[in-house]
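[1] quick one: sequence plus predicted model below, questions after.
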Amino acid sequence: MVERSMRRFAFSSVFISLSFILIACATRPDLVIAPRIDFIYSASFAKFMEKGNILFNEGRYNEAIEIFNKAIKIEPYNALGYVILGQVHLRLNNIEEALRYTSLAMEKSFALASAYATMGNIFHFGLRDYERVLEYYDLAIWHNPYSDAHFFNRGQVHAKMGFNNMALQDFNAAVYLNPFYITIALPEVIFLPNWGNLSKH
């Protein structure tokens, strides 16, 4: 019973910490982490993840990498640790490492939306390969259709590729899911035809 309670507490702590990362990165969609946690197996894993997230938020990325590596040594089959490492390496512009860790996350869990979103971010902001970006953002949305960040990031790519109507649809979806996005979506859509149709939920 005590162990079960500790696991629940650990799960809640990590979930709250990762939620703060989402809020902190809201104005930098290229750096958004939007993980969907499927399983947290141990309190020790959660402890390292929480500590790593604190270091990440403080901009101490190399230290964060050390802590996240300790987490995945405890639970090498937990995809979440690899997703976060991919995001940290993307922040440091270590594209090869970001690709490696994110690919490992996708191998560990084919249904983890944040792994596809992170891979999309790598191709979007790191490699500028927009066709590949759409492939991964589509998969991220398929696995988690309630993430405002996924829709916003895909909307950016649609706009860059000239798919204006699709971009507007994505930005509308982001605003519908999170009204805060109206403040950062406007600069993105103001040059699109019919941008006045942006949702104001």
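    Done, it's in.

[2] Ala79 contacts Lys108, doesn't it?
    Yes. With contact defined as C-beta atoms under 8 Å, Ala79 counts as touching Lys108 (3.7 Å). All C-beta spots, glycine's among them, are computed from the backbone N, C-alpha and C.

[3] these two: which is more packed in?
    More neighbours surround Ala79 than the other of Ala79 and Lys108, with 25 against 19 (other C-beta atoms under 10 Å).

[4] so where's this protein shaky on pLDDT?
    Along the chain, segments meeting pLDDT under 70 span 1-41, 184-201.

[5] if you set the cut-off to 50 instead, what comes out?
    1-40, 190-191, 194-198, 200-201 (pLDDT under 50).

[6] mind giving me the domain ranges of it?
    Residue ranges for each domain of the chain read 2-129, 146-201, as given by automatic domain parsing.

[7] tell me how far Gly86 lies from Phe151.
    The gap separating Gly86 from Phe151 is 20 Å, by C-beta to C-beta, to the nearest Å.

[8] neighbour count winner among the two?
    Taking neighbours as other C-beta under 10 Å, Gly86 and Phe151 compare with Gly86 leading, 29 against 26.

[9] now do the contacts for that one.
    Counting by C-beta atoms under 8 Å, 6 or more residues apart in numbering, Gly86 makes contact with 97-102, 105, 115, 118-119, 122.

[10] beyond whichever helix or strand it is part of, next helix or strand please.
    Using DSSP states H and E, the element containing Gly86 is helix 79-91. Using DSSP H and E, the next helix or strand after helix 79-91 towards the C-terminus is helix 95-108.

[11] other SSEs contacting that next one?
    Here helix 95-108 touches helix 79-91, helix 113-121, going by 3 or more C-beta pairs under 8 Å, 6 or more residues apart in numbering; DSSP states H and E.

[12] got JSON lines for those helices, with distance to Gly59 too?
    As requested, those are exported to JSON lines (distance: least, C-beta to C-beta, whole Å):
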{"stretch": "helix 79-91", "distance to Gly59": "9"}
{"stretch": "helix 113-121", "distance to Gly59": "18"}
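
[13] of these, which stretch is the most buried?
    helix 113-121 (a mean of 28; mean count of other C-beta atoms under 10 Å).

[14] report all helices and strands that that helix contacts.
    helix 79-91, helix 95-108, helix 130-143, helix 148-160.

[15] possible to save those as CSV with distance to Ile67?
    Shown next, in CSV, are those (distance: least, C-beta to C-beta, whole Å):
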stretch, distance to Ile67
helix 79-91, 10
helix 95-108, 14
helix 130-143, 25
helix 148-160, 24
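
[16] need the winner for burial among those.
    helix 79-91 (a mean of 26).

[17] can I get that helix as PDB, trimmed to CA atoms?
    Output of helix 79-91 as PDB, limited to C-alpha atoms (Å, rounded to 0.1, in the frame of the first residue of the first chain):
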ATOM      1  CA  ALA A  79      10.300   6.000 -23.400                       C
ATOM      2  CA  LEU A  80       9.700   9.200 -21.500                       C
ATOM      3  CA  GLY A  81      13.300   9.600 -20.400                       C
ATOM      4  CA  TYR A  82      14.500   9.300 -24.000                       C
ATOM      5  CA  VAL A  83      11.900  11.800 -25.200                       C
ATOM      6  CA  ILE A  84      13.100  14.400 -22.700                       C
ATOM      7  CA  LEU A  85      16.800  13.700 -23.600                       C
ATOM      8  CA  GLY A  86      15.900  14.300 -27.200                       C
ATOM      9  CA  GLN A  87      14.400  17.600 -26.300                       C
ATOM     10  CA  VAL A  88      17.400  18.700 -24.300                       C
ATOM     11  CA  HIS A  89      19.800  17.800 -27.100                       C
ATOM     12  CA  LEU A  90      17.600  19.800 -29.500                       C
ATOM     13  CA  ARG A  91      17.800  22.800 -27.200                       C
END
